[in-house]
Every structure is written in C-alpha cells, then in structure tokens.
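Asks: Structural data only, the sequence is not supplied:
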C-alpha cells in the first residue's frame, strides 16, 4: 500500500491549515520532548498552557534536572498520568549526569530513555533531526486506517506491524519532519474521530473508508477498557489553621502526590476510625464520582473540625494556607478550591 501523492497532498494541506504551536517553531529536542510527553493522552488545547508554564520554569534539560520532584509534579497538577512527569524528571537527570547534558540525536539512543517509546522517539528524531522515522499516534492510525482501508486492530501485534510498514513506506524522501507533523495535524483537525470533514477533504477521492461508507468503523480496536471500581474515603481533619495530609508512596495512581488521610474500603457503611475523629464535629460529607481511564472512583470526603491536631506518625501537619504548595490529585485540588478557599486568602 504505497501512494506517492499521499504525503504531497498532506504537506500541502498542512501548509494551509496548520495551527501555530510553539513546539513547531523549534528544532530543540528538549522542547519537542516536553511537548510530546505533555500531549500524550492530552488535547492540544489543554496541554498548551502546561507546555508554556513548563518551558518558562524549566527552559532546558539542566534546569529540569535540578528541580525538586514536588515542584515538577505541582506544575503538572491537573494533567493526570503523573508517571509522565516523574519519568521526565528522571530522564532529565540521566541526560544531565550520564550523557553530560547532551540530548540523544537519533531514534536508537532516544528509545533507550525512560518514558520514551516508539512514537515519542520517532517524533523527536524526525522533528529535531529530520531522521526518516514515521510517527504513529491515534491521529495517524485513524488517517491510515481510513485512507487505505485497514481493518487490522491498531492494538494488536499484527495490526501494529502492518501500520508500521505502511507508515514507513509512505514517508517522503525529504521533509520527513513536515510530513509527520502534517499527518498528525490532519488527523486532529480534518480526519477527526467523529464527524470528519469529508466533503472538504483533499484525500476523499481516494479514501477507502469514504468511498465505501465505512468512516465510523475505522480504526478498529480489539481490546475494551475494563474499569476497576474503587471506593475512597478521604478524611479532612482540620483545626482553624492546621490540617493533616499524607504522601502517596505506593505504586498506584497519583504516586508521590499529597492527599487527605485516605481509607479505601468497598464497604458502603464505612465509618471513620474513632481515634481520629474523637472530640471533633462532622461539618460536611461530600460524595462524588471520578472517572479515570482504567478506574471508576467512588469518593467520599468526610470533613471534620478539630480543636487541636495531635502529632501523628502517619500524617503530616501543615498550615492550611500552605496546602496549595503541595502537588495533589485533581479531585483534591477541586475540594480545596471549593471548601478551603477561606483559609487560602
């Protein structure tokens, strides 16, 4: 499946329709790396302010490597998939200490770094160094599957191999970086998952899915995401000025972020431990649902007022007004904004 005009049409479309994004105006592999990691599982509109904030605080790999992890996680707060931030920080230290600050200049060396897989290594090597590597992200899978009529599942071993072969064979001989940007942008703006703009598509006259009215059935995914259901009880134990928090250290969601004391219990009749809530008043009980990619969280916030917080080996006592200095999960951030605002002024 080779179409010699495929790349030419996409590049022409891109030059007329591309968005002006900061990481497209540089060949700095560091900045391209930051953008690609942020945009994994994240829309451009959401990721752009995070990218600008990240580059402002850490303009190069050395400054990122010298930062404390808590500061990195705080800047990442709200983006989710926090392993991305931890891997960025780890890899920046590795580049600074082991590679003497020199960013790898080819796919083979890039893919050895923690947090960099096939797609990211291809993106950095082609965008920064114009290496002949094809990118394969969700947008590219969609364009290729529809245009060439590929029904092999994108999340299967065979399907991935087929897409890798087709994407490589259709690379142009030059302007690899522009072509890779083109097909990704085309998938994001033109060949969208739902309601693609087929009537104004420059590829529609040869697009298999359009000609066969199969747009909505491609691409194919074999695996369905099964969400694990969890029941989380957070205890807000606070006096007028102080509050308990704890750090998540286990290998789980939100690792190394802070939270209120947590009790995970599937028992719908959960009651907070008496030793923690004695001589306290329950001010508020808030129940919410929080959906993650692989998990459905049933969350209850138990908000207690205490006259005084006793020292506790498990929990850290901090001033409530300083709680925003700590990186926290989105659900905790939202609760703080809605219920502790008076303490943050």
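Replies: Great, that's in hand. Note that the coordinates shown come from a computational prediction; the quantities given were computed from them, not determined experimentally.
Asks: Who are the packing partners of the one helix or strand residue 183 maps to?
Replies: Applying DSSP states H and E as the criterion places residue 183 in helix 176-189. In terms of contacts (3 or more C-beta pairs under 8 Å, 6 or more residues apart in numbering; DSSP states H and E), helix 176-189 is packed against helix 6-17, helix 118-129, helix 138-148. C-beta coordinates here come from the backbone N, C-alpha and C atoms, glycine included.
Asks: Quick check: what element follows it along the chain?
Replies: Immediately after helix 176-189, counting by DSSP H and E, sits helix 208-211.
Asks: Buried residues of the helix or strand just after that next one, list them for me.
Replies: Using DSSP H and E, the next helix or strand after helix 208-211 towards the C-terminus is strand 228-238. Residues 230, 231, 232, 233, 234, 235, 236, 237, 238 are the ones in strand 228-238 that count as buried (16 or more other C-beta atoms under 10 Å).
Asks: Now do stretch 326-340: everything it contacts.
Replies: 70, 73-74, 76-78, 80, 234, 236, 238, 243, 245, 253-254, 256-260, 284, 286, 288, 290, 297, 299, 301, 303, 318, 320, 323-324, 344 (C-beta atoms under 8 Å, 6 or more residues apart in numbering).
Asks: Out of those residues, which sit inside helices?
Replies: 70, 73, 74, 76, 344 (DSSP state H).
Asks: follow-up on the earlier one: type out the PyMOL command that picks the buried ones from the contacts of stretch 326-340.
Replies: Buried members of the contacts of stretch 326-340, defined by 16+ other C-beta under 10 Å, are picked up in PyMOL with:
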select buried, resi 73+74+76+77+80+234+236+238+243+245+253+254+256+257+258+259+260+297+299+301+303+318+320+323+324
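Asks: mind checking pLDDT for residue 345?
Replies: Looking at residue 345, its pLDDT stands at 49.
Asks: Same check on residue 342?
Replies: So, for residue 342, pLDDT stands at 65.
Asks: Then residue 268?
Replies: 76.
Asks: what is the mean pLDDT for stretch 131-142?
Replies: On average, stretch 131-142 scores 96.
Asks: Buried residues of that stretch, list them for me.
Replies: Applying 16+ other C-beta under 10 Å to stretch 131-142 flags 131, 133, 134, 135, 136, 137, 138, 139, 140, 141, 142 as buried.
Asks: Return the distance of it from the chain's centre.
Replies: 18 Å (C-alpha atoms, centre = their mean, to the nearest Å).
Asks: re earlier: of all pairs in the ones in helices among the contacts of stretch 326-340, which one is the farthest apart?
Replies: 76 and 344 (20.5 Å; C-beta to C-beta).
Asks: picking up where we left off before, so how far is the helix holding residue 183 from its chain's centroid?
Replies: Mean-position distance between helix 176-189 and its chain equals 20 Å (C-alpha atoms, centre = their mean).
Asks: and the angle from that helix to helix 118-129?
Replies: 130 degrees (axes from the mean of the first three to the mean of the last three C-alpha atoms, to 10 degrees).
Asks: what's helix 176-189 in contact with?
Replies: Contacts for helix 176-189 (C-beta under 8 Å, 6+ apart): 7, 10-11, 13-14, 17-19, 24, 44, 122-123, 126-128, 130-135, 137-140, 142-143, 171-172.
Asks: cool, stretch 288-299 as well?
Replies: 41, 80, 225-234, 253, 287, 301, 330-331.
Asks: let's see it at 7 Å
Replies: Residues outside stretch 288-299 that contact it (C-beta atoms under 7 Å, 6 or more residues apart in numbering): 225, 227, 228, 229, 230, 231, 232, 234, 253, 331.
Asks: Averaged pLDDT, that stretch. What do you get?
Replies: 93.
Asks: Check stretch 49-64 too.
Replies: 97.
Asks: Could you pull out the buried residues of it?
Replies: Quick answer for stretch 49-64 (16+ other C-beta under 10 Å): 50, 51, 54, 55, 58, 61, 64.
Asks: Pick out the most distant pair among the residues you listed.
Replies: Farthest-apart pair in the buried residues of stretch 49-64 is 50 and 61; separation 17.5 Å (C-beta to C-beta).
Asks: Figure out how far the strand or helix carrying residue 62 is from the centre of its chain.
Replies: Residue 62 belongs to helix 61-66 when elements are defined using DSSP H and E. Taking C-alpha atoms, centre = their mean, one finds helix 61-66 lying 20 Å from the centre of the chain it belongs to.
Asks: what's in contact with that helix?
Replies: 30, 58, 88, 89, 92, 93, 95, 96, 101, 103.
Asks: Next, format the buried residues of stretch 131-142 as TSV and append distance to residue 271.
Replies: Shown next, in TSV, are the buried residues of stretch 131-142 (distance: C-beta to C-beta, whole Å):
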residue	distance to residue 271
131	59
133	57
134	56
135	52
136	50
137	47
138	44
139	48
140	51
141	48
142	49
